[in-house]
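Trainee: Please find the sequence and the predicted model below.
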Amino acid sequence: MKPFNPEQALWETRREFGEHGGVTPSISRSSTFTVMDPAIMPEIFQGLRGLDKGGCFLYSRHFNPTVDVLARYMSAMEGTEFAACTASGMSAISCTLLQLCRSGDHIISSDTIYGGTHALLRELFPEMGITTTFIDPMDTASFEQAILPSTRVIYAETIGNPTLKVADIPALSKLARKRGLTLVIDNTFMPMVVTPAALGADIVISSMTKFINGAGDAIAGVICASRDFIFKLMDLHTGRVMLLGPTMDPRIAYDIIQRLPHLGIRMREHCKRATAIAELLHNMGAPVAYPGLQSHPQHSLIKSMVNPGYCYGGMLTIDCGTKEKAEELMSLLQNKERFGLIAVSLGYYDTLMSCSGSSTSSEIPPEDQSKIGISPGLIRMAIGYTGSLEARLEQIERAVRAVGLAS
Ligand SMILES: *Cc1c(COP(=O)(O)O)cnc(C)c1O
């Protein structure tokens, strides 16, 4: 089988021109749409006249022409039939899981996931009668042992936040198919680099706030799935996106559409620089983790999952041991070396770094943090591509030596 090529898939989809033949798509900001024949209106509400059945756009919380263009591009890129864009990555996750599970149902999730998702599964969902068992993503066999009669979903991140543990998507997919479960993968860290649907995931979610938008100026999410599932999410009576209402604004959709053409170029540069920095730190004997390093325990797994032409993502970690040491290093890197910025989030053109245990993973209780490998001094770095690589390597080498993490 020819490997999936997300950049090619993106440009093989129907090209959207703007009004008057514009090379960029038009922004369709209208909240509501005129129905030319009054008889069509009731039919739209009865579900007899979708866009696919001679109907027209109805209302922009349902479908909007500009948001639809982005959804079409995203489904092409992720290799799924259809997609729905949402106002945030969290709403993409919560609406998907609420569509798949109701009170009494059970989820099996990787224990190495985004702090907000962890809080959703561990604290909010139990209030609604939906429970979760958390499993180390490196231990695929334990996912099977955790299956209950009420289990509906297996949930994981392609590369777990922040410990960068890799989910074995083909193995989890095989398990999900065998047991009739839905495999949901959060691919926020690896757009274009890994295509979870091509590896067997049923539903692929991304926070487009990160690499996909890439400019740190928008909050956005996407759900890539079958046509049937997306229409369930948009159903007028029970659709979780339609009724909970995390709608994407068409202006945001337009901005992201304009950044998709260089997503592949950006991802390759993020990957290339993260690899160079990880190799430098590794050779210095500094406590770096990056799935692209031969020494990473799951290097061969991630190697089998990445698309040709990419390396291993733009994220790495440095374990400084203590929070104080981590703060000292980040402070030097930001305020003296001007290597990057101390900020949460990722996928920006500048390097962003934060101490996960006391920031984006602080929703996870300290005892669980140590169990899943988040040390108090773990710095998560999202490597950017500004400045020259040579200068960046010198800056981080100086700072890491100055705090005594390498001799
Ligand atoms: C940021 C992030 C989210 C949440 O996305 P928002 O756009 O901030 O709502 C979910 N998953 C991962 C892996 C993330 O990094």
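Mentor: Looks like it came in fine.

Trainee: ok, residue 167 - contacts?
Mentor: Listed by Cβ atoms under 8 Å, 6 or more residues apart in numbering, the contact set of residue 167 reads 110, 137, 156, 157, 158, 159, 160, 185. Quick note: C-beta positions are derived from backbone N, CA and C, even for glycine.

Trainee: Report all helices and strands that the host helix or strand of residue 274 contacts.
Mentor: When elements are defined using DSSP states H and E, residue 274 is found to belong to helix 263-284. Using 3 or more Cβ pairs under 8 Å, 6 or more residues apart in numbering; DSSP states H and E as the contact test, the elements touching helix 263-284 are strand 288-289, strand 315-319, helix 389-402.

Trainee: which residues sit against that helix?
Mentor: Under the criterion Cβ under 8 Å, 6+ apart, residues 6-7, 191-193, 211-212, 214, 288, 290, 292-293, 295, 309-316, 318, 347, 349, 381-385, 389, 392-393, 396-397, 400-401, 406 lie in contact with helix 263-284.

Trainee: and it, how far out from the chain's middle?
Mentor: The offset between the C-alpha centroid of helix 263-284 and the centroid of the whole chain comes to 19 Å, using Cα atoms, centre = their mean, to the nearest Å.

Trainee: list the buried ones in it?
Mentor: Judged by neighbour count (16 or more other Cβ atoms under 10 Å), helix 263-284 contains these buried residues: 263-264, 266-282.

Trainee: next one: stretch 296-305
Mentor: For stretch 296-305, the neighbour count (16+ other Cβ under 10 Å) marks 296, 298, 299, 301, 302, 305 as buried.

Trainee: Which of those lies at the shortest distance from residue 259?
Mentor: Residue 259 lies nearest to residue 305 out of the buried residues of stretch 296-305, by Cβ to Cβ, at 24.5 Å.

Trainee: so who does the closest one touch?
Mentor: For residue 305, the contacting residues are 158, 166, 169, 170, 194, 199, taking Cβ under 8 Å, 6+ apart as the criterion.

Trainee: what's the spacing between it and the ligand?
Mentor: Counting by Cβ to the nearest ligand atom, to the nearest Å, the gap from residue 305 to the ligand is 16 Å.

Trainee: Please work out how many residues are found near the residue in the chain that the ligand sits nearest to.
Mentor: Closest to the ligand within the chain is residue 89: 2.3 Å, counting by Cβ to the nearest ligand atom. The number of residues packed near residue 89 is 25, by other Cβ atoms under 10 Å.

Trainee: dump the residue contacts of the nearest residue to it once chain neighbours are set aside.
Mentor: Nearest non-adjacent residue to residue 89, counting by Cβ to Cβ, 6 or more residues apart in numbering: residue 207, 2.5 Å away. For residue 207, the contact set (Cβ under 8 Å, 6+ apart) comprises 88, 89, 90, 92, 186, 188, 220, 221.

Trainee: returning to what we had before: in helices, which of the contacts of residue 305 fall?
Mentor: Judged by DSSP state H, these include 169, 170 as members of helices.

Trainee: Can you flag the buried ones in the contacts of residue 305?
Mentor: For these, buried by 16+ other Cβ under 10 Å: 158, 166, 169, 170, 194, 199.

Trainee: nearest spatial neighbour of the fourth one, skipping sequence neighbours?
Mentor: Here the nearest residue to residue 170 in space, its sequence neighbours aside, is residue 199; by Cβ to Cβ, 6+ apart that works out to 5.2 Å.

Trainee: Would you agree that neighbour is in contact with residue 171?
Mentor: No: taking Cβ atoms under 8 Å as the contact criterion, residue 199 and residue 171 are not neighbours in contact, 9.7 Å apart.

Trainee: did I read that right, residue 162 in a helix?
Mentor: No: Residue 162 sits outside any helix when classified using DSSP: H, G, I helix; E, B strand; the rest coil, being coil.
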